[in-house]
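Engineer: Pasting a predicted model and its sequence here:
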Amino acid sequence: MVGLPSSDAVSASLDWALSHDRFVITLCHGPAALLAASRGKDESPFKGYSVCVFPDSLDEGPNLEIGYLPGRLPWLVVGLLSEQGLHVINDDMTGRTHRDRKLLTGDSPLASHKLGLLAADALIEAVRAEAWLLRVRTLVT
């Protein structure tokens with residue numbers, strides 16, 4: 001997770017996903033990958049998006065106290081996402097999920113099942129929309 005914001009491979013993957021109108025799905029600390037999208041750019045292509053993410057408050061307190069983290073993180077994901085213009089819609093960990101355009105996010109492992117269902121519904125919806133457009137194009141030509 002610590003290397004995600006500076007990863008050229010993650011940046012290239014996100015550039016590809018966005019340029020090909022694909023879904024991006026993240027869970028827990030996964031939105032840290034979105035930070036890489038701004039590499040080499042003036043601003044993040046995700047600026048203005050809203051997301052669910054694992055709360056910084058847990059990484060600064062309880063996760064250190066119980067030994068989940070071996071030490072303080074060099075950066076906190078919510079803070080950096082906010083600096084890049086993303087809006088984090090949660091400040092707790094409840095299993096919440098969220099969709100903003102083709103970005104699907106979940107706040108923690110508690111959200112994994114619900115995020116899977118959200119992703120399945122979104123993908124089915126996209127396939128149906130594409131099939132409908134294909135039928136319309138066929139009728140028009």
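Structural biologist: Looks like it came in fine. Everything quoted here is computed from the prediction, not taken from an experiment.
Engineer: Just the C-alpha atoms of the lowest-mean-pLDDT helix or strand in the chain, please, in CSV.
Structural biologist: In the chain, the helix or strand scored least confidently by mean pLDDT, DSSP states H and E is helix 62-65, which has a mean of 76. Presented in CSV, the C-alpha positions along helix 62-65 are these (Å, rounded to 0.1, in the frame of the first residue of the first chain):
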residue,chain,number,x,y,z
PRO,A,62,-6.3,1.9,17.1
ASN,A,63,-4.5,0.2,14.3
LEU,A,64,-1.2,1.2,15.8
GLU,A,65,-2.3,0.4,19.4
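Engineer: For residue 26, give its distance to residue 62.
Structural biologist: The spacing between residue 26 and residue 62, counted by C-beta to C-beta, to the nearest Å, is 22 Å. Bear in mind the C-beta positions are built from the backbone N, C-alpha and C, glycine included.
Engineer: Tell me which of these two has more neighbours.
Structural biologist: Between residue 26 and residue 62, residue 26 has the larger neighbour count (other C-beta atoms under 10 Å), namely 19 against 13.
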